[in-house]
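Peer 1: here is my input, please return the structure:
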Amino acid sequence: MQFHHVGIPTSDKKDFDTYLDDAKLHITDAEKSPFKVEWLGFEAGSPMPELLKTTPHVAFMVEDLNAEIEGKDILIEPFEPLPGLRCAFIIHDGAPIELMQKV
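Peer 2: Down below sits the predicted model:
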């Protein structure tokens, strides 16, 4: 497991790089941030869980997403937000954690 980024919900205007239509979510590219921050701008009516809309998350790259989420408290089941990337969110000690796998 390797640290990838910190995701922070915001209502401020940012230079968002990507829009995820199904999630009604704008995100910045954490790779462009010297501190690996990914800003998340949720639109009204976003179907994403309230915990993700209101609480920062930490993201890690993993080798086997299915193995890593097994037995965990799953917030969002595995999905592919971008080509070549599978993600899932779990809850650990009340906080959202994103686990990511390149496919």
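Peer 1: next one: phi and psi at the residue lying farthest from the centre of the chain?
Peer 2: No residue in the chain has its C-alpha farther from the mean C-alpha position than Gly71, which lies at 19.5 Å (C-alpha atoms, centre = their mean). Dihedral angles of Gly71 (phi, psi; degrees, to the nearest 10) stand at phi 80, psi 0.
Peer 1: for it, give me its contacts.
Peer 2: If you count contacts by C-beta atoms under 8 Å, 6 or more residues apart in numbering, Gly71 has none. Every C-beta, even on glycine, is put in place using the N, C-alpha and C of the backbone.
Peer 1: and the nearest residue to Ala44 once chain neighbours are set aside, what does it touch?
Peer 2: Distance criterion C-beta to C-beta, 6 or more residues apart in numbering; nearest residue to Ala44, sequence neighbours excluded, is Lys24 at 7.8 Å. Residues in contact with Lys24 (C-beta under 8 Å, 6+ apart) are 42-48.
Peer 1: the helices in this protein, which residues?
Peer 2: 50-54, 65-69 (DSSP state H).
Peer 1: follow-up on the earlier one: got phi/psi on the residue nearest to Ala44?
Peer 2: Residue torsions, per degrees, to the nearest 10, at Lys24 are phi 50, psi 60.
Peer 1: restrict the contacts of Lys24 to the buried ones and give me that as a ChimeraX selection.
Peer 2: This is how ChimeraX selects the buried members of those, with burial counted by 16 or more other C-beta atoms under 10 Å:
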select :42,46,48
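Peer 1: adding distance to Thr28, write the contacts of Lys24 out as TSV.
Peer 2: Formatted as TSV, the contacts of Lys24 follow (distance: C-beta to C-beta, whole Å):
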residue	distance to Thr28
Phe42	13
Glu43	15
Ala44	20
Gly45	21
Ser46	16
Pro47	21
Met48	16
